[in-house]
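Colleague: Just the structure for this:
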Amino acid sequence: MTPEHIAVQKWLKEKDTIPFLQKIADRSLREIQSKGLAPMLFFDCHTNDKKDRVDELLSRLFIFISDTNRVHQLICRKGQFMVPELRRAFINSIIDEARTKDPYKKLYRNAQAAIRESTLFSSPSSTAKADPTKADPTKAISPKIFCFWKKHAVSPGSVFLTDDDLKEIPFPDTICPGADYALVNQRKFLIPLAEYFISQVEAIFNGCSPVIPLKMFIDWIGKYTPVAFYCEPYDGEQNGRCPGDETEAVSCASAFSNRLNDMDCQIFFFYHCQGLSHDEVKKQMKRKSFATYQKEQIKKKLSEFLMPFSWEHNSDASLLFLEKLCQILSQKIRNFTLKAV
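Modeller: Now for the predicted structure:
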C-alpha cells in the first residue's frame, strides 16, 4: 500500500468527506442523465428515486476512489481543480462500465456464440466449414447480419416479421420459467428458446424452413424481458428540451449530442446534416487534412449508441432522431462561433 493510498483511506474516514462526496455524486448524476447513461447504469435497479440513485453513485464513488491509483495522487495534491477532475475521472469510469454492461449486446453475443456451437443449427460460417461448395441461403441478406436456420433444413429462405408478428409468438414458460433476463441469457435456455422460436416461425409461414436473423430472435425476447435501454425525457432547459419533446427519439438525440465533443459536433453536422463533401468540410473547419478518421469514429459511436433501439432504418423514430440531433448540433455550433468571437 502506497503512502498516497494510506492518506486517501484516512481522508475517506473523515467526517467532512461524505457530504463532500455526496455533492460530487449529485452533480455526477445530472451529467449521467444528460448523456443518456442513467438507464444503462441503473438497469438492475428497481427505483427511479433520485436519493437512491445518488446513494448508489456515492457507493460507487467510494470504491472508485479507493481502488484508483491516479485518483490517490489527485486527492493528495488537493489542487483547486480537484473537484472537477475527480468528477470527470469518475464519469469516464461510469461511461466505460456502461459500455460493458449493455444487456442487449451481452445477450446478442452470448446467443450468437451458443448458436454457432450448437449442433441443432447452421449459420453462414458453419455452412462454409462443412461444405464450401454448398449454396448459402443468406446470400440475399447483408453479410453483416448474423443468421441461423435448422440443421439439414431443405432450401431455407429468409423471412420478415413485424413487431406485431413477434408479439403473437408467446413466451414458453415451460422452457424458461418466466422471462427473467438472468435466466434468458444462459446458454442452456437460449438454445431451446431458439429452437422453439424457429418452430413458431415455421408455423406462421406454413411449414417453410426459415432463415432467422439473430436480431429478430433477440427482439422477440425483448418483448417479454427488458434487453434494451431507453432514453429518459429531460426536465431542464439546459438539456435542450422543448414543449412536446418527450418522445424517446428526441430524448436520445439530446443524449447522443452530449456525448460528442466540440469537434465531433462539427464533423457530424457538416457531413450528415448538411451533406458536405470532404473538401467542403475541410474548408468549413479550416483544417489541412480530411476528417475521415474522426468521421468513422463518430459513425461507430452512433452505431453503438443506437444498437439497443429497435427503430427501423428511415422509420419515423429514426428520422425524428436525426432531425432533432441536427437541430441541437446546429445550435451548439452557433454557440461555438459566438464564444470564439
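Colleague: Show me where the stretch 101-250 of the chain has its strands.
Modeller: 121-122, 147-150, 157-158, 210-213 (DSSP state E, counting those that start in this stretch).
Colleague: The first one pairs with which strands, parallel or anti?
Modeller: By that I understand strand 121-122. strand 147-150 (antiparallel) (DSSP bridges).
Colleague: just the last one next, same as before
Modeller: Taking DSSP bridges as the criterion, strand 210-213 pairs within the sheet with strand 147-150 (antiparallel), strand 157-158 (parallel).
Colleague: so which of these is the most packed in?
Modeller: Of all the strands paired with strand 210-213, strand 147-150 has the most neighbours on average by mean count of other Cβ atoms under 10 Å, namely a mean of 22. From N, CA and C alone the C-beta is placed, and that goes for glycine too.
Colleague: With just CA atoms, put that one into PDB.
Modeller: This file holds the C-alpha atoms of strand 147-150, laid out as PDB (Å, rounded to 0.1, in the frame of the first residue of the first chain):
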ATOM      1  CA  CYS A 147     -28.500 -15.500 -39.300                       C
ATOM      2  CA  PHE A 148     -29.200 -19.200 -38.400                       C
ATOM      3  CA  TRP A 149     -31.500 -22.000 -39.500                       C
ATOM      4  CA  LYS A 150     -32.300 -25.600 -38.700                       C
END
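Colleague: contacting residues around that strand?
Modeller: Contacts to strand 147-150, defined as Cβ atoms under 8 Å, 6 or more residues apart in numbering, come from residues 115, 120-124, 137-138, 141, 156, 158, 194, 198, 209-214.
Colleague: Below-threshold pLDDT in this structure: ranges please.
Modeller: Where the chain drops to pLDDT under 70, the residues are 35-36, 39-48, 98-101, 125-144, 155, 228-247, 307-313, 336-341.
Colleague: now do 50
Modeller: Scanning the chain for pLDDT under 50 picks out the ranges 46, 126-133, 135, 140, 234-245, 338, 340-341.
Colleague: Which helix runs longest in it?
Modeller: Counting by DSSP state H, the longest helix found in the chain is helix 316-340.
Colleague: Just the buried positions in that one, please.
Modeller: Neighbour-count burial for helix 316-340 flags 317-318, 320-322, 324-329, 332-333 (criterion: 16 or more other Cβ atoms under 10 Å).
Colleague: Reformat those as JSON lines; add distance to Asn261.
Modeller: Shown next, in JSON lines, are these (distance: Cβ to Cβ, whole Å):
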{"residue": "Ala317", "distance to Asn261": "26"}
{"residue": "Ser318", "distance to Asn261": "24"}
{"residue": "Leu320", "distance to Asn261": "24"}
{"residue": "Phe321", "distance to Asn261": "20"}
{"residue": "Leu322", "distance to Asn261": "20"}
{"residue": "Lys324", "distance to Asn261": "19"}
{"residue": "Leu325", "distance to Asn261": "15"}
{"residue": "Cys326", "distance to Asn261": "17"}
{"residue": "Gln327", "distance to Asn261": "19"}
{"residue": "Ile328", "distance to Asn261": "14"}
{"residue": "Leu329", "distance to Asn261": "12"}
{"residue": "Lys332", "distance to Asn261": "10"}
{"residue": "Ile333", "distance to Asn261": "12"}
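Colleague: picking up where we left off before, between the strands of the stretch 101-250 of the chain, which one is nearest to Arg109?
Modeller: Among these, strand 147-150 comes nearest to Arg109, with 14.3 Å by Cβ to Cβ.
Colleague: starting at the chain centroid, how far to that closest one?
Modeller: With Cα atoms, centre = their mean, to the nearest Å as the basis, strand 147-150 stands 26 Å off its chain's centre.
Colleague: Buried residues, the helix or strand Arg87 falls within. List them.
Modeller: Using DSSP states H and E, Arg87 sits in helix 82-101. Buried residues in helix 82-101, counted by 16+ other Cβ under 10 Å: 85-87, 89-91, 93-94, 98.
Colleague: try stretch 4-18
Modeller: Neighbour counts over stretch 4-18 (16+ other Cβ under 10 Å) mark 4, 8, 11 as buried.
Colleague: between those residues, which is nearest Phe189?
Modeller: Val8 (43.8 Å).
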